[in-house]
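K.L.:
What shape does this take:
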Amino acid sequence: MITHRFGVVGTGWRAQYFLRLASLLPAQLEVVGLVGRRPEVADQTTRRWNVPAYASLSELVAAQHPDFVVSAVPWAAAPGVTQAAVELEVPVLCETPPAPDLEGLRRLWNAVGASGLVQVAEQYHLMPSHASRLALARSGAIGKVTSVQVSSTHGYHAVALMRAYLGAGFEPATVNAHTFVAPLINPLVRDAWTDDDQPKDATTTIATIDFGGSMGLYDFTDNQWHNQLRSRRIVIRGSAGEIEDDEVVRLVGPRTIVRSPLVRRQTGYDLDLDAFDTDHISLGDIILYRNPFPGSRFNDEDIAISSMLTAMAAWCRDEGEPPYPLAEGCQDHQVSLAIDQSAATNAPVTTSVEAWAADSTL
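P.N.:
Numbers count the residues shown, from 1 in each chain. Just a heads-up that it's a prediction; the model follows:
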């Protein structure tokens, strides 16, 4: 097995994710260098993960010749890192979103879109549950998919899921969004319990997105990623049935409607002495998804990000399809920005057809 070598720009929470996963997959991934804005933080990070630090991306590339680099920096800095990698003729996996606003997306595409070197680290469709639902939806089991409801994650991630399930491209999308404020206890944040049981105002954004022939319903409440007092719901509706979270209803013959569960085989329970791990997700005897990292004991986010990294590595070596082209990431964020604009103005917003639509194969 070939070990794929990559560099990381950034030292924050997301950069730590990439570094940690590479350390857990040494036969497949190796971080060969790190670039950090603050030397003291970079030094701590390099000691923790035993990787060399460099003052700039150009120094890292000259010293290590990585297969690709990962940009895990704040929104404002992301386009500059992406452009610097392209100028060095190094493939780059940039964190979401690729630029903060629509003008930034346009400038970034004009600068690097034609290079064919930029992919976006949009991982949600690679999570086991989403990947299994996506495989089932694309199989035709529920007919033509016509609408998707996502109440799970925010903005561009939710849009990416909608577009994947619907097969939506780069056509104009019309967004109608509204916000509502209501009290909600917030017991958990990203890395800790809050130990605060007093309700605070939380904003819920609800939007319909007309993709032209198909529809998305967006429903997100502040901190819904981590607040377990709010459920995550996914509904994929088709002409012959629907997928609701982990259950499928469909027409399988004349006067024959069946309901079937999507079942995750999880090892490590009871007298199963294998490590605690996701094995596969099935619909009856049909395997919809297999964990590509068996025995690693990864959670779903770990699996998705590791899948993105290994797909990026394979693409860089002409051994696989592009994992998530820049055009797709730009389109996701354009629609996400339209949700924000519509909610702020209380008026419909229709997205424009941008340059990345014409060049979306790059």
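K.L.:
The helix or strand where residue 44 lies: which residues count as buried?
P.N.:
For residue 44, the host element (DSSP states H and E) is helix 39-49. Neighbour-count burial for helix 39-49 flags 42, 45-46, 49 (criterion: 16 or more other CB atoms under 10 Å). Backbone N, C-alpha and C define where each C-beta goes, glycine included.
K.L.:
closest to residue 85 among those?
P.N.:
Of all those, residue 85 sits closest to residue 42, with 18.0 Å by CB to CB.
K.L.:
OK, contacts around the closest one?
P.N.:
11, 34-36, 53 (CB atoms under 8 Å, 6 or more residues apart in numbering).
K.L.:
Closest one to residue 221 out of these, please.
P.N.:
Nearest member of those to residue 221, counting by CB to CB, is residue 11, at 30.4 Å.
K.L.:
Quick check, that closest one in contact with residue 47.
P.N.:
No: between residue 11 and residue 47 there is no contact under CB atoms under 8 Å: 11.8 Å.
K.L.:
could you give the mean pLDDT of the helix or strand following the helix holding residue 44?
P.N.:
Counting by DSSP H and E, the element after helix 39-49 in chain order, helix or strand, is strand 53-54. In this model, strand 53-54 has a mean pLDDT of 94.
K.L.:
Okay, now the sheet partners of strand 53-54, with direction.
P.N.:
strand 29-35 (parallel) (DSSP bridges).
K.L.:
in the strand it pairs with, what's buried?
P.N.:
For strand 29-35, by 16+ other CB under 10 Å, it's 29-35.
K.L.:
The helix or strand of the chain with the lowest mean pLDDT: how far from the chain's middle?
P.N.:
The helix or strand of the chain with the poorest confidence is helix 39-49; it has a mean of 80 (mean pLDDT, DSSP states H and E). Centroid separation for helix 39-49 versus its chain: 27 Å, with CA atoms, centre = their mean, to the nearest Å.
K.L.:
Check stretch 230-242 too.
P.N.:
Centre to centre, stretch against its chain (CA atoms, centre = their mean), the figure for stretch 230-242 is 19 Å.
K.L.:
Can you name the residues in contact with it?
P.N.:
129-130, 133, 137, 141-153, 161, 165, 184, 219, 221, 224, 243-245, 248-251, 257.
K.L.:
C-alpha coordinates for that stretch, CSV please?
P.N.:
Below are the C-alpha coordinates for stretch 230-242, written out as CSV (Å, rounded to 0.1, in the frame of the first residue of the first chain):
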residue,chain,number,x,y,z
ARG,A,230,-32.8,18.8,18.9
SER,A,231,-33.0,15.8,16.6
ARG,A,232,-31.4,15.4,13.2
ARG,A,233,-33.9,14.6,10.5
ILE,A,234,-33.3,13.7,6.8
VAL,A,235,-36.2,13.0,4.5
ILE,A,236,-35.6,12.1,0.8
ARG,A,237,-38.8,11.9,-1.2
GLY,A,238,-39.1,10.3,-4.6
SER,A,239,-41.8,9.4,-7.1
ALA,A,240,-42.1,5.8,-5.7
GLY,A,241,-41.4,6.3,-2.0
GLU,A,242,-39.2,8.0,0.5
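K.L.:
buried stuff in it?
P.N.:
230, 234, 236-238, 241-242.
K.L.:
Pass me the low-pLDDT residue ranges in the stretch 201-350 of the chain, would you?
P.N.:
Scanning the stretch 201-350 of the chain for pLDDT under 70 picks out nothing.
K.L.:
so where do the helices sit in the chain?
P.N.:
13-24, 39-49, 57-64, 78-87, 102-112, 128-138, 155-166, 300-316, 326-345, 355-358 (DSSP state H).
K.L.:
Comparing these, which comes out most buried?
P.N.:
helix 155-166 (a mean of 24; mean count of other CB atoms under 10 Å).
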